[in-house]
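> could you look at this predicted model? Sequence included:
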Amino acid sequence: QVQLVESGGGLVLPGGSLRLSCVASGFTFTNSYMGWFRQNPGRQRECVAAISRGSGLTYYGDFVNGRFTISRDNAQNTVYLQMNSLKLEDTAVYYCAATSRGWPAITPADYNYWGQGTQVTVSS
């Protein structure tokens, strides 16, 4: 059974940092491209960041502007999203996703496995 379990969300002040984690099971993690997406009610799900199987390739949404870093630990079947300098507009549910379909993998349609999401709220 495929599982993607996110953690690390929460409430943070503007300018603060959070580190999201996603532990994967039930599929071959090392063969999968991984992504982080976010979504707010009434809006489309957008790609925050994505990373290739061996971490050699990464993608970031234009809005990231160097504030976030995606990484993965293939030995631990885990992908991370380090988020720094958080802004009010970063508030959203953040989802972890996995795909073996290939690179680039930067749209929701590229992914076939999804986590349940973790809420990130940036507020003063």
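Arrived safely. Note that the structure is predicted; figures quoted are calculated from it, not measured.

> going forward, measure contacts and count neighbours with C-alpha atoms only.
Will do.

> which residues touch stretch 47-62?
Stretch 47-62 is contacted from outside by 30-38, 64, 69-72, 103, 105-108, using CA atoms under 8 Å, 6 or more residues apart in numbering.

> how does it look with 7 Å?
With contact meaning CA atoms under 7 Å, 6 or more residues apart in numbering, stretch 47-62 is reached by 30-38, 70, 72, 105-107.

> go on, stretch 92-106?
Here stretch 92-106 has contacts from 4, 6, 22, 31-40, 47, 50, 110-121, using CA under 7 Å, 6+ apart.

> now do the end-to-end distance for that stretch.
This stretch, stretch 92-106, spans 18 Å end to end (CA to CA, to the nearest Å).

> likewise stretch 99-112?
The first-to-last residue distance of stretch 99-112 comes to 6 Å (CA to CA).

> thinking again about what came up before, just the buried ones from the contacts of stretch 92-106?
Buried members of the contacts of stretch 92-106, counted by 16 or more other CA atoms under 10 Å: 4, 6, 22, 31-39, 47, 50, 110-111, 113-115, 117-121.

> circling back to that earlier point, list the ones among the contacts of stretch 92-106 that fall in strands.
4, 6, 22, 33-39, 47, 50, 113-114, 118-121 (DSSP state E).

> any idea what the residue positioned nearest the centre of the chain is bridged to?
For the chain, the residue sitting closest to the mean C-alpha position, by CA atoms, centre = their mean, is residue 36 at 1.9 Å. Bridge pairing for residue 36 (DSSP bridges) gives the partners residue 49, residue 96.
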